[in-house]
Every structure is written in structure tokens, then in C-alpha cells.
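*Asks:* Provided below are the primary sequence and the corresponding predicted coordinates.
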Amino acid sequence: MNGIIRFAPLAVLSGVTYAVGPGAQADTHKETVAACLEAVRSDDMERAETLADQIIEWRALFATQVIADAKSCLEAAKGGEWTYFTTKSRFLTGMEADMEQDYIDKAMNKKASNQIDYQNERARLECEISAAQESVKSLEAEYDNFKLARTQEAEHMTMKVCYDLYASDPAAALLEPVCNEAFLETGLPDSDYEFDFTNIMSAKVRLAKSKVELGELLRGVTGSDISMPFGSDCAKFSVEE
């Protein structure tokens, strides 16, 4: 009787129920567990088992210490091993606990397996993307070379036709728009003035090569990393002019 008066939650055992909030319920659980452990220490196993029956019906426990003490009460009063499963929000024992643990283990293994599958698939796709990017880059470079070769071929044939026309009829060649533009650019075939275009072509090749190398260097670099203006401190480099 003393224990019932001291621990208000024991009124539930007489059939009286109370509507309590989360805070009060936590206190109720704590007091009930304390009463159960006290009954075990006093060797009042009948009372301890009665309280243990009440604990078995609890749902959605959160306080770690209450769960640990409730486990001690159940194992002392009921025997066997009791485990609180958050998946069920209650204490389980025996076969029911084994089944729940097996379910949890399988779920965890499936999750780990799915994670491995995801990582492998992502790695495979990233490799495919990388290979595709390299293929596109190579094909684009090949196409650029193809276009350049066709352009040079057309320019060569155009100049040949213009030179042949100039050799047979200079006036007609000069008045022909395409040949006129070509001669204004390169000069007449029999001009007394000569210029070595090799240097210009070499300079253009160096310019194109440098632009390609710069593009490769800056690939993926943020704007803050490329703020240095062109030409700054170029004297320290061995730059061909």
C-alpha cells in the first residue's frame, strides 16, 4: 500500500486511468520502472510482475534511461531477454524479438547492397561520360582538320585557276571578283614585290597552339583564378616573338 501511495501511477492497476501529457507520461514511466526495480530488490516478485505487465504495454518510449531500467525490470520479473525495438515502439522477447531483429538485419543488408549498386552504377556512368567526352573531343578535332584540309584545297585550286587566267588574260583575271580579291591579298603572280608569308603562317600556328594550350589549362578553373591579365610579367618567360 505504501508503494501505491508513493507511486501515483499504480492507481492504474486498480482500473483508474488518467489523461496525461508527454511530460507527465515520462514521469509516470520513470516512477513505474522505479517501483518495479524496488519490488525486485524487495523480492516482491508478484508486484514486480504486475508492473512488468504494465511496462510491456507501453509504446513509443524515448528516454534512454527509462528504457534501460524497464529492460532490467522485465528481465528480472518475466525472465529471458527483453529488447526495446524502435521499429515496433515496444519491448519484445523470444521469437518475436528474433524475427524483428532478422527483419532489421535484412533491411540493413538490402540498404547496404543498394548503396553499393548505386555507387557502382554511378562510377560506370561517369566512366561512360568521360569516354564519350574524349570521343567527341577527338572527333571534333578530326572534323576541324578535315574542314581545314578542304578549305586549303579549295584555296589552292582557286589560286591555280586565277593564275592560269592571269597568264592567258591579265585584264580578265583582275576584273574577276574572286581572283581580284585573291590578288589584292597575295599580290600578282608576276609582281616585283615579294614577301615571305612563312613567318606569318608560323606566327598564326603558334597563336593557335597557344590558345589551345591555354584553353586546356583553364578548363574547369573559376574566374577568380584567371584574373591575371594577358601579357603581365611575360618577361620572365622565354616567349618566341
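*Replies:* Perfect, I can see it now.

*Asks:* so which elements touch the helix or strand that contains Leu139?
*Replies:* Using DSSP states H and E, Leu139 maps to helix 94-168. When contacts are defined as 3 or more C-beta pairs under 8 Å, 6 or more residues apart in numbering; DSSP states H and E, helix 94-168 packs onto strand 82-85, helix 170-175, helix 177-186. The C-beta positions use only the backbone N, C-alpha and C, and glycine is treated the same way.

*Asks:* angle of it against helix 177-186?
*Replies:* Between helix 94-168 and helix 177-186, the angle comes out at 90 degrees (axes from the mean of the first three to the mean of the last three C-alpha atoms, to 10 degrees).

*Asks:* what's the distance between helix 94-168 and the middle of its chain?
*Replies:* 18 Å (C-alpha atoms, centre = their mean, to the nearest Å).

*Asks:* ok so, going back, got JSON lines for the helices and strands packed on helix 94-168, with mean pLDDT, distance to Asn109 and mean neighbour count too?
*Replies:* Below are the helices and strands packed on helix 94-168 laid out as JSON lines (pLDDT from 0 to 100; distance: least, C-beta to C-beta, whole Å; neighbours: other C-beta atoms under 10 Å):
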{"stretch": "strand 82-85", "mean pLDDT": "90", "distance to Asn109": "17", "mean neighbour count": "18"}
{"stretch": "helix 170-175", "mean pLDDT": "91", "distance to Asn109": "84", "mean neighbour count": "13"}
{"stretch": "helix 177-186", "mean pLDDT": "90", "distance to Asn109": "75", "mean neighbour count": "13"}
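
*Asks:* show me the domain layout of the protein.
*Replies:* 2-80, 103-214 (automatic domain parsing).

*Asks:* how about Tyr103, nearest residue that isn't a chain neighbour?
*Replies:* Computed as C-beta to C-beta, 6 or more residues apart in numbering, the closest residue to Tyr103 that is not its neighbour in sequence is Thr87, at 7.4 Å.

*Asks:* the one you found - how many residues pack around it?
*Replies:* 11 (other C-beta atoms under 10 Å).

*Asks:* would you agree it is in contact with Glu100?
*Replies:* Yes: assessed by C-beta atoms under 8 Å, Thr87 is found in contact with Glu100 at 6.4 Å.

*Asks:* that older thread, mean pLDDT for the domains of the chain: which is lowest?
*Replies:* Mean pLDDT is lowest for domain 2-80 out of the domains of the chain, coming in at a mean of 74.

*Asks:* one step back: out of the helices and strands packed on helix 94-168, which is closest to Ser130?
*Replies:* helix 177-186 (43.6 Å; C-beta to C-beta).

*Asks:* quick one: whichever helix or strand comes after the closest one to helix 94-168, angle?
*Replies:* Sequence-wise, the next helix or strand downstream of helix 177-186 (DSSP H and E) is helix 198-218. Relative orientation of helix 198-218 and helix 94-168, computed by the same axes, to 10 degrees: 170 degrees.

*Asks:* make 337 the first number, not 1, from now on.
*Replies:* That works, and once the first residue is 337, the last one we named lands at helix 534-554.

*Asks:* hang on, the earlier thing: go through the domains of the chain and name the closest to Met431.
*Replies:* domain 338-416 (10.8 Å).

*Asks:* Glu411 touches Trp418, doesn't it?
*Replies:* Yes: between Glu411 and Trp418 there is a contact at 5.5 Å, judged by C-beta under 8 Å.

*Asks:* sorry, back to before: please report phi then psi for the residue nearest to Tyr439.
*Replies:* Note on Thr423: its backbone torsions stand at phi -70, psi -30 [degrees, to the nearest 10].
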